[in-house]
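K.L.:
When you get a sec, could you give me coordinates for this:
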Amino acid sequence: MALPSTIYRVNIQISDVDRGVYESLQATVARHPSETEERLVARLLAYAIFFEPELTFTKGISAGDEPDLWLKGPDDRVLLWVEVGLPESDRLVKASRHAERVAVIACGKALPKWEQQYLQKLESVPNLSVVCFDQLFVNGLVSKLDRSINWSVTITDGNLYINVGNETFETVLQERVGSR
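P.N.:
Predicted coordinates:
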């Protein structure tokens, strides 16, 4: 018998001063049994960092041919393809040929090795953005993870602040390739 997905109710208040985005978001997000809490947090961060109206979560880990999030135009063309984790460079290059913009939230314990192996190749992809942040930041958010997630997200001058209850978590958005 397969394990069921874990459902999370998410409320995110976004104040992205850098892009002029101020939104109140509500979503229901499923965490696949094989998905770690760290990856779920990274998907939620990607949603906040790259937010645009109509940006949606896909089947993600359950569908190998889809990104974690995407924004499609009225003609079903992919306008924004967002990956989370440490995807293969060939996957990103292929996505860049089919989507107007491709973005990656690169995070995980193997991030230094991934950067060494792939960043130089990815720098030549013109419509790609790679944003990294510290694993300790993700771990801090995971420690406060609850089935009902309430975050207040502020992005200003390349810094990311997240208020969870009475605590504030802070990191720098390290734009390794392109820009948001």
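K.L.:
residue contacts, the residue nearest in space to the middle of the chain?
P.N.:
By CA atoms, centre = their mean, the chain has its centre lying nearest to Ala46, at 2.1 Å. Contact partners of Ala46, counting by CB atoms under 8 Å, 6 or more residues apart in numbering, are Asp68, Leu69, Val82, Val84, Ala103, Ile105. C-beta here means a position set from N, CA and C on the backbone, and glycine is covered the same way.
K.L.:
and the fourth one, how many neighbours?
P.N.:
Using other CB atoms under 10 Å as the criterion, Val84 is surrounded by 27 other residues.
K.L.:
go on, the second one?
P.N.:
Number of residues near Leu69 (other CB under 10 Å) recorded here: 23.
K.L.:
what bits of the chain have low per-residue confidence?
P.N.:
The model of the chain has pLDDT under 70 over residues 1-2, 60-64.
K.L.:
Now with 90, please.
P.N.:
Counting by pLDDT under 90, the chain shows low-confidence ranges at 1-5, 30, 32-35, 58-66, 108, 133-135, 176-180.
K.L.:
For Glu37, see how far away Thr58 is.
P.N.:
Distance from Thr58 to Glu37, counting by CB to CB, to the nearest Å: 19 Å.
K.L.:
Who does Ser24 form a beta bridge with?
P.N.:
Gln13 (DSSP bridges).
K.L.:
Same question for Thr56.
P.N.:
Counting by DSSP bridges, the residues bridging with Thr56 are Trp70.
K.L.:
How many residues are close by it?
P.N.:
Around Thr56 there are 10 residues (other CB under 10 Å).
K.L.:
Quick check: it touching Trp70?
P.N.:
Yes. Here Thr56 reaches Trp70: they are 6.6 Å apart, a contact under CB atoms under 8 Å.
K.L.:
Which parts of the protein are helices?
P.N.:
37-49, 89-98, 111-122, 135-143 (DSSP state H).
K.L.:
between those, which gets nearest to Arg77?
P.N.:
When the helices of the chain are compared by CB to CB, helix 89-98 sits nearest Arg77, at 8.7 Å.
K.L.:
follow-up on the earlier one: tell me how far the closest residue in space to the residue nearest to the centre of the chain that isn't next to it in sequence lies from Glu35.
P.N.:
Distances taken as CB to CB, 6 or more residues apart in numbering place Ile105 nearest to Ala46, at 4.4 Å, with adjacent residues excluded. Ile105 sits 14 Å away from Glu35, going by CB to CB.
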